[in-house]
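A.B. asks: Sequence plus the predicted model coming up.
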Amino acid sequence: MTGPGSLRGRDLLSVADLSAAEVGRVFATADGLKAEFRATRRHANPPLAGRTLAMLFQKPSLRTRVTFEAGMAQLGGAAIYLPEDAVMGAREAVRDIARNLERFVDAIVARTGPHEVVLELAAQASIPVINGLTLREHPCQALADVFTIREHVRALQGTVVAFIGDGNNVYHSLALLGAAFGMEVRLAHPPGYAPNSGIVSRAQSLADATGGRLVFGRDPLEIVRGASIVYTDAWTSMGQEVQTEERRDAFAGYRVDDALLDAAGPAARAMHCLPAHRGEEITSAVMDGERSLIFEQSENRLHVQKALLVELIGASTVGADQGSGS
Ligand code: CP
Ligand code: NVA
């Protein structure tokens, strides 16, 4: 995986760290890995044999943890999960963690609260650092989201995605990546839950260059009109649990249900990064219904992150023909 356009050694802290062309390269790799894995549940020539990934998680996870761990195993490597109590400043300084791990493993995935922690890890470690979710961004999610949308629309350019709810980490990454691909990313949010203004400016600059659009409103019914995708996320993100009751009140009119999908149009599909709170931000009827892309979206975390690992860590140079039987 060397040569022009190689992503080897790069970090993924924000989804804006990659150009649209580089994301296209990751998607092309993911297409191949997905097709092979879907056909045989394995890879004939695992490209990351002997490679290792450290996973520093300060918050719980189902999808991110399992897709990275399973993904590394499927690619011939191994992942080491380090839960909150062992890491990140309490036992030793972030810079010391980085300086140790770069000598042991080939890449780091980190899930933290403050975004600054992943920035510091990346600044201190010479190996790729992947943001597995911070309060600011969830780039791996957005890559899988746009990969999923790409499988369901004729062209990303001009495709309308309507995000309903909180202007949070998931919205931030989706807005940045959608704008980079010329999409129209809309957001309906209640007062007080607007996205980060710096992220919005960055996304607007990207949209200006690609012909994309960012649209904001209060009324979900208006925001979804003509949208191909109606997207939502939890009203209360991890770390905000003390605000759960006030958020339940603020977001009460921001539930994705069948009526909202009907208002979007006949081809509209529902997406959610998960975990979902059935009956809060999304109904069970939508999640389990024929218009849901939610579990395909979740599956694509596996394929897209495997592609990302292959691109960032690179093909194994030791025993380059391993697995070929020759
Ligand atoms: N969507 C997502 O990142 O899920 P987890 O929190 O389970 O990893
Ligand atoms: N916005 C959610 C996403 C979970 C994957 C959170 O930060 O908890």
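C.D. replies: Yes, it's here. Numbers count the residues shown, from 1 in each chain. Ligands and ions are numbered 1, 2, ... in the order given.
A.B. asks: List the beta-bridge partners for the spatially closest residue to Tyr171 that is not a sequence neighbour.
C.D. replies: In space, and not counting its chain neighbours, Tyr171 is closest to Phe163: 5.1 Å by C-beta to C-beta, 6 or more residues apart in numbering. The C-beta positions use only the backbone N, C-alpha and C, and glycine is treated the same way. Beta bridges link Phe163 to Leu187, Tyr231, judged by DSSP bridges.
A.B. asks: Phe163 contacts Glu184, correct?
C.D. replies: No - Phe163 lies out of contact with Glu184 (C-beta atoms under 8 Å); the separation is 11.2 Å.
A.B. asks: Give me the more crowded residue out of the two.
C.D. replies: Phe163 (28 against 21; other C-beta atoms under 10 Å).
A.B. asks: what does the model give the spatially closest residue to Lys59 that is not a sequence neighbour for pLDDT?
C.D. replies: Computed as C-beta to C-beta, 6+ apart, the closest residue to Lys59 that is not its neighbour in sequence is Met238, at 4.8 Å. Predicted confidence (pLDDT) at Met238: the value is 96.
A.B. asks: How is Met238 assigned, secondary-structure-wise?
C.D. replies: coil (DSSP: H, G, I helix; E, B strand; the rest coil).
A.B. asks: before we move on, back to that, mind checking how far the residue nearest to Tyr171 is from ligand 2?
C.D. replies: For Phe163, the distance to ligand 2 equals 11 Å [C-beta to the nearest ligand atom, to the nearest Å].
A.B. asks: so what's that residue up against?
C.D. replies: For Phe163, the contacting residues are Tyr171, Leu174, Ala175, Val185, Arg186, Leu187, Ala188, Tyr231, Thr232, Asp233, by C-beta atoms under 8 Å, 6 or more residues apart in numbering.
A.B. asks: and what of Tyr231?
C.D. replies: By C-beta under 8 Å, 6+ apart, Tyr231 lies in contact with Asp145, Val161, Ala162, Phe163, Ile164, Leu174, Ala270, Met271, His272.
A.B. asks: Export those residues to TSV and append columns for distance to Arg301 and pLDDT.
C.D. replies: Output for the contacts of Tyr231, formatted as TSV (distance: C-beta to C-beta, whole Å; pLDDT from 0 to 100):
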residue	distance to Arg301	pLDDT
Asp145	9	98
Val161	18	98
Ala162	22	99
Phe163	18	99
Ile164	21	98
Leu174	14	99
Ala270	17	98
Met271	12	99
His272	13	98
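A.B. asks: Can you turn the buried part of these into a ChimeraX selection?
C.D. replies: Provided next is the ChimeraX selection string for whichever of these are buried by 16 or more other C-beta atoms under 10 Å:
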select :145,161,162,163,164,174,270,271,272
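A.B. asks: Looking at the contacts of Tyr231, which is nearest ligand 1?
C.D. replies: His272 (8.6 Å; C-beta to the nearest ligand atom).
A.B. asks: Asp288 is in contact with that closest one, correct?
C.D. replies: No - look at His272 against Asp288 with C-beta under 8 Å: they stay out of range, at 11.8 Å.
A.B. asks: Give me the three-state assignment for the closest residue to Leu53 other than its chain neighbours.
C.D. replies: With sequence-adjacent residues excluded and distances taken as C-beta to C-beta, 6+ apart, Leu53 is closest to Ala79, at 4.4 Å. Per three-state DSSP, the secondary structure class of Ala79 is strand.
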